[in-house]
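In: can you look at this prediction? I've put the sequence above it.
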2 protein chains.
Amino acid sequence: MEKRVKRLNNRIMITSAAAVGGKKEGEGPLGVNFDYIDRSDRFGKETWEQSEAESQFLALNFTLNKKKLQAQDLGVLLAGDLINQCTSSAYGLCDYDTPFLGIYGACSTSAEGLLIASILLDSGHFEKAAAVSSSHFCSAERQFRSPVEYGGQRAPTAQWTVTGAGAFLLEKNTNEQGALIAEFLPGKTRNGGIDDPANMGAAMAPAALDTLLTYFRESKTKPSDFDLILTGDLGYEGSEILKDLSNKEGYCLDGLHNDCGLMIYDRKKQDVHAGGSGCGCAATVLASTILPKLLCGKYRNVLFMATGALMSADSLKQGLTIPAIAHLIHLKGGAAK
Amino acid sequence: MEKRVKRLNNRIMITSAAAVGGKKEGEGPLGVNFDYIDRSDRFGKETWEQSEAESQFLALNFTLNKKKLQAQDLGVLLAGDLINQCTSSAYGLCDYDTPFLGIYGACSTSAEGLLIASILLDSGHFEKAAAVSSSHFCSAERQFRSPVEYGGQRAPTAQWTVTGAGAFLLEKNTNEQGALIAEFLPGKTRNGGIDDPANMGAAMAPAALDTLLTYFRESKTKPSDFDLILTGDLGYEGSEILKDLSNKEGYCLDGLHNDCGLMIYDRKKQDVHAGGSGCGCAATVLASTILPKLLCGKYRNVLFMATGALMSADSLKQGLTIPAIAHLIHLKGGAAK
């Protein structure tokens, strides 16, 4: 069996990133860190799907502008989202004249994009790559649940789909400042038998546990070797399950773990139940809040593990349970040695 | 700007492949080449979506069995399909205990999977990878058009979604027999302004042209340097457009071009209008019919270029046109030098 933790051979860095969000994200504790907040949630477009697509365009535009780069400077662009046939990515980024690879990992898409992009650079075939992902509360609600106008009740374990997009620029062997992608671990699909779409955290926790334990065991590290163990969007339910299960396996995450779904909103003041979710959740939290702390050296070692629930509305109606996945990236900050 | 044609540094080979299909595919001219035909189209499952998922499971199982390999022998597994949230891949392959990366390129998914898998191996981080993709006539009809029971009329330019899955095993620096992946070229999104979902061929032809011309110009090759220039599923309409446009640019494809959508069915005897389509089309034609000819040396140089239309049913209802993409792989057969 091949070893699952992989160490990159080249110095692959995230050298630029940007996050755009909607009203609720702007009002959240991280809102001030976003590059752009659209309080209408529309990003200048008429439909929610096109609004989400535009958020991807904007996030990548901010990311490239920070480095005065053009689309043509990128060797490859990876993107994904939750909308049927990943149209937020296809339409949102089609004006970028760049080779395009569509990916789908549900809410793990941001980590999957960083993971594949870093290997593409490490292979020697590309010098610069970008990874983008997005979600939108209104496009997700009407696709997966009901249109927001319906005013459906939400379960206490339900999460709130983040309106926003995050984009990342990766460069190889550069002297630019950035966060180093030191290692990665692609996840395996895990199915804990959950069939409740209002409890994604519980559905994704087994995949997160599997990836995290595999990482600790193979790399012979422990939680305290890291400044932060950041899960994608397990929310409150999933985070508690992950910490419980991890503790039982001898890896205590207390004080070291946080979850993008818990960070992006203030659960006491904002009505988001178990926290944030969606492909835009982990992407915007990483881009807006975690990367700057890696850059300034406040964080030196961060495990970033976005989690995804790989079901559809139809698969649940057909009585199937929810398979999930979690991809892990080990990011190094500061001097990034 | 980075060069777009990339040559692999290692000897990356497709060493095993398999194709499974339904009744219509079995009755087509390539049916005899398939590893398995299920005349019920159900693959033992109760819903069309789960039937499609099972076809992926079977295709990969055949592929691994041919080399007496287990899921654990694979370093990574890439898969995608047309069903919302790519559930045919997630559910179909979740019993394989292998790191999983979901991809989405619509009908270009087979080429995208081969392209990314070959880079993952070339990077040095993986030794063996698999790429799987599928489509199913009945799951696609009810998702994109209407349930088959409705008996909707089909336009003459419409294509018939292939019921089937193709799987590929890629190995690095092996002494096994196989087809060598010599070069690849990831496509850019191109939008020719087509908004007719019953004319995907016309929507995808501009992307195919862009990728093909870029390849010929950058690699300083011409069509006659290849035994076969195989497009994914442009069908009759799209193939004619591609040949016309290519001819105008000075690259005559006559006698050298074929299209998986034209090969998989007998358009005179089978009621498929402009030909086959779907993620399973290019995948099954390559696996069942083209790879054996590369292996035996009948073909020495093949350009395989699967094309994808990146719209959704909703994006068209919202008045948008169809963006498309085409990814290219240069396959070498025979002695594979």
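Out: Nice, thanks for sending it over.

In: tell me where the stretch 51-200 of chain A has helices.
Out: Using DSSP state H, counting those that start in this stretch, the helices of the stretch 51-200 of chain A run over residues A:87-92, A:109-122, A:137-144, A:200-219.

In: looking at these, which is nearest to chain B?
Out: In terms of CB to the nearest CB, the element of those nearest to chain B is helix A:87-92, at 3.6 Å. For glycine as for every other residue, the C-beta is placed from the backbone atoms N, C-alpha and C.

In: say whether chain B is contacted by that closest one.
Out: Yes - Helix A:87-92 reaches chain B (CB under 8 Å from any CB of the partner chain) through A:87, A:90-91.

In: what does that helix contact?
Out: For helix A:87-92, the surrounding residues in contact (CB atoms under 8 Å, 6 or more residues apart in numbering or on different chains) are A:49-50, A:52-57, A:79-82, A:100, A:102, A:132-134, A:136, A:139, A:165, B:189, B:310-312, B:314-315, B:320, B:323.

In: which residues of the stretch 201-337 of chain A lie near chain B?
Out: Contacts of the stretch 201-337 of chain A with chain B, taken as CB under 8 Å from any CB, map to A:310-315, A:318, A:320, A:323, A:325.

In: for those, which one is nearest residue B:38?
Out: For these, the closest approach to residue B:38 (CB to CB) belongs to residue A:318, at 19.2 Å.

In: next up, the contacts around that closest one.
Out: B:47, B:49-50.

In: got it, and residue A:239?
Out: A:201, A:231, A:257, A:259, A:261-262.

In: please redo it, this time with the cut-off set to 7 Å
Out: Contact analysis of residue A:239 by CB atoms under 7 Å, 6 or more residues apart in numbering or on different chains lists A:201, A:231, A:257, A:259, A:262.

In: from those, which two are the most distant?
Out: A:201 and A:257 (13.3 Å).

In: between those two, which has more neighbouring residues?
Out: residue A:201 (30 against 21; other CB atoms under 10 Å in any protein chain shown).

In: wait, what's in contact with the more buried one?
Out: Residues in contact with residue A:201 (CB under 7 Å, 6+ apart) are A:157, A:159, A:234-239, A:241, A:274.

In: before we move on, what about residue A:253?
Out: A:223, A:229, A:243, A:246.

In: which ones among those residues lie within helices?
Out: Judged by DSSP state H, the contacts of residue A:253 include A:243, A:246 as members of helices.

In: top of the contacts of residue A:253 by neighbour count?
Out: residue A:229 (27 neighbours).

In: that one pairs with what?
Out: Counting by DSSP bridges, residue A:229 forms beta bridges with residue A:257, residue A:303.

In: what does the pLDDT read for it?
Out: For residue A:229, the model assigns a pLDDT of 98.

In: what do you get for the one 3 residues further on?
Out: Among the per-residue scores, residue A:232 shows a pLDDT of 94.

In: isn't it up against residue A:303?
Out: No - taking contacts as CB atoms under 7 Å, residue A:232 lies outside contact range of residue A:303: 11.4 Å.

In: put together JSON lines for the helices of the stretch 51-200 of chain A, with distance to residue A:43 and mean pLDDT on each row.
Out: Shown next, in JSON lines, are these (distance: least, CB to CB, whole Å; pLDDT from 0 to 100):
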{"stretch": "helix A:87-92", "distance to residue A:43": "10", "mean pLDDT": "98"}
{"stretch": "helix A:109-122", "distance to residue A:43": "19", "mean pLDDT": "98"}
{"stretch": "helix A:137-144", "distance to residue A:43": "11", "mean pLDDT": "96"}
{"stretch": "helix A:200-219", "distance to residue A:43": "25", "mean pLDDT": "98"}
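
In: and among those helices, the most buried is which?
Out: When those are scored by mean count of other CB atoms under 10 Å in any protein chain shown, the highest mean neighbour count falls to helix A:87-92 (a mean of 30).

In: just give me how far that helix sits from the chain centre.
Out: Centre-to-centre, helix A:87-92 and its host chain are 17 Å apart (CA atoms, centre = their mean, to the nearest Å).

In: please name the nearest non-neighbouring residue to residue A:89.
Out: Excluding the flanking residues, the one nearest residue A:89 by CB to CB, 6 or more residues apart in numbering or on different chains is residue A:79, at 3.7 Å.

In: which pLDDT does the model give the one you found?
Out: With respect to pLDDT, residue A:79 scores 98.

In: hang on, the earlier thing: identify, from the contacts of residue A:318, the entry nearest to residue A:111.
Out: Nearest member of the contacts of residue A:318 to residue A:111, counting by CB to CB, is residue B:49, at 26.3 Å.

In: quick check: residue A:113 touching residue A:76?
Out: No - counting by CB under 7 Å, residue A:76 is not a contact partner of residue A:113; they are 10.7 Å apart.

In: hang on, the earlier thing: who wins for neighbours among the contacts of residue A:318?
Out: Among those, residue B:49 has the most neighbours (other CB under 10 Å), with 26 neighbours.

In: what comes up buried for the helix or strand harbouring it?
Out: Residue B:49 is part of helix B:48-65, with elements assigned from DSSP states H and E. Buried residues in helix B:48-65, counted by 16 or more other CB atoms under 10 Å in any protein chain shown: B:48-64.

In: tell me, which of these make contact with chain A?
Out: Contacts with chain A within the buried residues of helix B:48-65, counted by CB under 7 Å from any CB of the partner chain: B:49-50.

In: okay, helices next: where are they in the stretch 201-337 of chain A?
Out: Secondary structure of the stretch 201-337 of chain A (DSSP H, counting those that start in this stretch): helices located at A:235-248, A:260-263, A:279-285, A:291-295, A:313-317.
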